[in-house]
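In: The following comprises the amino acid sequence and a computationally predicted model.
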Amino acid sequence: MESDYTSASDSIVRANIADGQRKVFQAPQNAHRVAGENFTFHCAFHFLQDISKANIYWWKLGNTEFLQQGTDSRKQFVRLRKGEASLQLLKVQVADSGVYYCGVKHLDNLFTNGTGSTLVVYVPPIPLSIKSELLAINASKTLIISCKTAAFYPDGINVTWYKDGFQTVTGIHTVKNLNSDGLYELSSCLEVTQTLRYVTCQVAHRTLQIPVNVTFNALNWNGVPNSGENKNFHRFQVALIHRFVLGFLVILILIIMIVVHFKRC
């Protein structure tokens, strides 16, 4: 990559007067990647027989300067044989989304820009978090369970709630916001008034191969058993402990009696 270059905007204007027989093709035309993956743009300009007599430039639409080798280690510039070149972005980030162009400048100073490639970087909404808040309303208790996603992109997302494995569509309040980074954040709340074992929040997004679940154990609200079954189980545990202690004492007494007997003998 040459260090003495004109600005990207100047070169794009000059491309309008380039020889009509000169074509610079780019691939893919449209693509998306999940944040953290690598992506490669391809540029072909087969009208040049001798690639050594041309300078190749890359730029992102909206920027006033060309992309340069060495300014960002995540950007790798490769000049291939037979009139081809590539730009590889390592561990893509949301800020990498945009339209990228490849341009070729020959020794006759004619500049031809490519057809452009659009990259959209997706961000999955994970990990999920779930928590609860116990509210006292008119002498009755309501458990509010909130499910929050990590920042994600693009917008489309589905949240489904399950009570003890059965889908529910009532008592749900969902809010979605756009943060300063251009990513979305979602918070969904479910009101629970009856006794349950567990509540599950399920999130589906185009970045996820399968929906992701997060489950809240609702057997105890604020540490207090909320069902007769739980109380019965607690009674069973207490009874079991009592029987264990009693059995231990019986065995201990028998051992003492045997030891005393042998000493007398």
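Out: On my side now, so go ahead.
In: Give me the residue ranges of the stretch 151-265 of the chain where confidence is low.
Out: The stretch 151-265 of the chain contains residues with pLDDT under 70 at 220-248, 261, 263-265.
In: let's see it at 50
Out: 222-240 (pLDDT under 50).
In: now the strands for it?
Out: Listed in chain order, the strands of the stretch 151-265 of the chain (DSSP state E, counting those that start in this stretch) span 157-163, 166-168, 172-178, 184-192, 198-205, 212-217, 220-221, 224-225.
In: Now the fifth one: buried residues?
Out: Applying a neighbour-count criterion of 16 or more other C-beta atoms under 10 Å, the buried positions in strand 198-205 are 199-203, 205. All C-beta atoms are positioned from the backbone trio N, CA, C, and that covers glycine.
In: now these in TSV, with distance to residue 86?
Out: What follows is these, written out as TSV (distance: C-beta to C-beta, whole Å):
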residue	distance to residue 86
199	49
200	45
201	42
202	40
203	36
205	30
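In: quick one on the thing from earlier: among the strands of the stretch 151-265 of the chain, which is nearest residue 132?
Out: strand 212-217 (6.1 Å; C-beta to C-beta).
In: Pop the domain breakdown of the chain in here.
Out: 8-122, 129-225, 227-265 (automatic domain parsing).
In: now the strands of the stretch 151-265 of the chain as TSV including distance to residue 256?
Out: Converted to TSV, the strands of the stretch 151-265 of the chain look like this (distance: least, C-beta to C-beta, whole Å):
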stretch	distance to residue 256
strand 157-163	55
strand 166-168	57
strand 172-178	64
strand 184-192	54
strand 198-205	49
strand 212-217	45
strand 220-221	42
strand 224-225	40
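In: do you know which of these lies nearest residue 252?
Out: strand 224-225 (33.6 Å).
In: still on that earlier bit, how about the buried residues of strand 198-205, which pair is most distant?
Out: Top of the distance list for those (C-beta to C-beta): 199 and 205, 20.3 Å.
In: which residues touch stretch 159-166?
Out: 147, 167-169, 172, 174, 186, 188, 190, 192, 196-204, 211 (C-beta atoms under 8 Å, 6 or more residues apart in numbering).
In: Let me fix that, I meant to ask about stretch 27-45.
Out: Here stretch 27-45 makes contact (C-beta under 8 Å, 6+ apart) with 22-26, 54, 56, 58, 83-94, 96, 100, 102, 104, 112, 114-124, 207.
In: Drop anything exposed from the residues you listed.
Out: Using 16+ other C-beta under 10 Å, the buried ones in the contacts of stretch 27-45 are 22, 24, 26, 54, 56, 58, 83-87, 89, 92, 96, 100, 102, 104, 112, 114, 117, 119, 121-124, 207.
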